[in-house]
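Participant: predicted model and sequence below, questions to follow.
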Amino acid sequence: MPDSPDAPVVGDPSATPHGIDGSTPTRPRPESLRELFLTFNWLALQGFGGVIAVTQRALCEQKRWLTREEFVDALAIGQVLPGPNVVNVALMIGDRFFGWRGAFTAMAGMLVVPLVLVLALTALYDHYSTVPAIAGALRGMGAVSAGLIVGTALKLATALRGNPMGVGACAALLGLTFGAIALLRWPLPWVLLALGSMACTFAWRRLAAAGA
Amino acid sequence: MIPGFLPALFGHFLVFSLLSIGGAITVAPDMHRVLVGEMAVLTDAQFNASIAIAQAAPGPNILFVALMGYQAAGLIGAAATLGGILLPATTLALAVSRWGHARQDWLAVRAFKSGMAPIVIGLLVATGWILTAQTPGWTHVLLTIVTAVLAWRTRLHVLVMIAAGGVLGALGFV
């Protein structure tokens, strides 16, 4: 693809993407590696039952380092590649701001303190996991964390408004993905391959037709 | 501990890393086969507890991998399993992310982002559904739905919602 016809034309203002990369001066960004570490550390410590929901909230709404569209982009790469999605997302975001040092700072921020905590909890777990109130509390927290993930999806769905495939096709793809994974329980790699290749081909044709 | 055990553990998790599309939990059945079966370094109960603790505790769920290594061989075991699962996946993610970012105006890169966006969001809804549907009963499904709406429509703090869920569960409502 190196001879792709749609390579950006230098000096053509219409080819300049808007709002990407924090290159605009008004766009907030982490001041230092320390801020990056502390942000990822704090959001990870709020992430009971998974960190995706709090990551989206902290980065897009509180810090405003990313738009919802950029978060979905990072998540898309994180999903199709192997590895823990949310750690992949942390790496990519850290890398955008501070290169590889940022990548590892963000990842360490997300992992180190929770790791110590989890190792400490292992000792307690054997004693308390059978206490009914504790088991009930964990169940309730689990239901809330599931709801947080769904709520994040609902918020991110607004990022689909400008999608070149159109709102109808996006809704259909979203529904098909949900049905295949949640209801039919098909294996993720095949679902990604089948629906993903369909969707990307369709998006390609729409973008090409729009003369972009 | 038998000699060569730690390198073998590390090697297994390097492979698991490259297989773990959709997150490390997707290769949990393979981890079970190796750790509880072939190597026999974990009991069934330890294996299940590793996943349960990492889900209940704050932080990314990937830490269940470290707990497995820890229960098998202490801190050095945790380093072997967590290091193994992270190294290939993070290297690949960084390389692909940089490649795509440098070519963000390419039609192929834009088509990938646009095409994958609804699928990624559908996957998030599916994840929430699977997490809540694995427990029998309906009250926690209701709690999940209420939380989803609150998280979507309000700025209520995440920790407030988690705490409320914990209290409701401890009192036996969920």
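Facilitator: Received the coordinates, thanks. Numbers count the residues shown, from 1 in each chain, chains lettered A, B, ... in the order given.

Participant: hey, let's count contacts and neighbours off CA atoms from now on
Facilitator: Will do.

Participant: the top helix by length along chain B close to chain A?
Facilitator: The residue-count maximum for a helix in chain B (DSSP state H) belongs to helix B:63-102. Yes: for helix B:63-102, a contact with chain A is found by C-alpha under 8 Å from any C-alpha of the partner chain, at B:63, B:66-67, B:70, B:85-86, B:89-90, B:92-94, B:96-97.

Participant: between the residues you listed, which is nearest residue A:114?
Facilitator: Distances from residue A:114 to the residues of helix B:63-102 next to chain A, taken as C-alpha to C-alpha, are shortest for residue B:63 (8.1 Å).

Participant: ok, back up a step: buried ones in the longest helix of chain B?
Facilitator: By 16 or more other C-alpha atoms under 10 Å in any protein chain shown, the buried positions in helix B:63-102 come out as B:63-73, B:77-86, B:88-90, B:92-94, B:96-98, B:100-101.

Participant: swap in stretch A:108-122?
Facilitator: Applying 16+ other C-alpha under 10 Å to stretch A:108-122 flags A:108-111, A:113-115, A:118-119, A:122 as buried.

Participant: contacts with chain B among the residues you listed, please.
Facilitator: The overlap between the buried residues of stretch A:108-122 and the neighbours of chain B (C-alpha under 8 Å from any C-alpha) comes to A:110-111, A:114-115, A:118-119, A:122.

Participant: make CSV out of the residues you listed and add pLDDT and secondary structure.
Facilitator: As requested, these are arranged in CSV below (pLDDT from 0 to 100; DSSP: H, G, I helix; E, B strand; the rest coil):
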residue, pLDDT, secondary structure
A:110, 96, helix
A:111, 96, helix
A:114, 96, helix
A:115, 95, helix
A:118, 92, helix
A:119, 91, helix
A:122, 84, helix
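
Participant: quick check, nearest of these to residue B:57?
Facilitator: Lowest distance from residue B:57 to these (C-alpha to C-alpha) belongs to residue A:118, with 6.3 Å.

Participant: so, low pLDDT: which residues of the chain?
Facilitator: Assuming you mean chain A. A:1-25, A:212 (pLDDT under 70).

Participant: switch to chain B, that's the one I care about
Facilitator: B:1-2.

Participant: redo that, cut-off 80
Facilitator: Scanning chain B for pLDDT under 80 picks out B:1-3, B:22, B:134-136.

Participant: which stretches of it form strands?
Facilitator: Remark: no strands are assigned in chain B by DSSP state E.

Participant: any idea how far the residue most central in space within chain A is from residue A:59?
Facilitator: The centre of chain A sits closest to residue A:75, judged by C-alpha atoms, centre = their mean, with a distance of 3.4 Å. According to C-alpha to C-alpha, to the nearest Å, residue A:75 stands 13 Å off from residue A:59.

Participant: surely residue B:159 meets residue A:46?
Facilitator: Yes: assessed by C-alpha atoms under 8 Å, residue B:159 is found in contact with residue A:46 at 6.4 Å.

Participant: who's more crowded, the two?
Facilitator: residue A:46 (21 against 14; other C-alpha atoms under 10 Å in any protein chain shown).

Participant: check contacts around that one.
Facilitator: Going by C-alpha atoms under 8 Å, 6 or more residues apart in numbering or on different chains, residue A:46 touches A:54, B:58-59, B:158-159.

Participant: apart from its neighbours in sequence, what residue is nearest residue B:172?
Facilitator: Leaving aside its chain neighbours, residue B:172 sits nearest to residue A:136 (6.2 Å; criterion: C-alpha to C-alpha, 6 or more residues apart in numbering or on different chains).

Participant: ok so that neighbour is a helix residue?
Facilitator: Yes: assessed by DSSP: H, G, I helix; E, B strand; the rest coil, residue A:136 belongs to a helix.

Participant: what number of residues lie near it?
Facilitator: Using other C-alpha under 10 Å, residue A:136 has 23 other residues around it.

Participant: could you do residue A:168 as well?
Facilitator: Counted with other C-alpha under 10 Å, the neighbours of residue A:168 add up to 9.

Participant: ok so, going back, wait, the residue nearest to residue B:172 touches residue B:166, no?
Facilitator: Yes: if you go by C-alpha under 8 Å, residue A:136 and residue B:166 touch, sitting 7.4 Å apart.

Participant: which element is residue A:31 on?
Facilitator: Residue A:31 is part of no helix or strand when elements are defined by DSSP states H and E.

Participant: what's the spacing between it and residue A:98?
Facilitator: Residue A:31 is 10 Å from residue A:98, by C-alpha to C-alpha.

Participant: now do residue B:35
Facilitator: 38 Å.

Participant: which among the contacts of residue A:46 end up buried?
Facilitator: The neighbour count (16+ other C-alpha under 10 Å) marks A:54, B:58-59, B:158 as buried among the contacts of residue A:46.

Participant: of these, which belong to helices?
Facilitator: Per DSSP H, the subset of the buried ones among the contacts of residue A:46 in helices is A:54, B:158.

Participant: adding distance to residue B:16, write the buried ones among the contacts of residue A:46 out as TSV.
Facilitator: Shown next, in TSV, are these (distance: C-alpha to C-alpha, whole Å):
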residue	distance to residue B:16
A:54	27
B:58	23
B:59	21
B:158	32
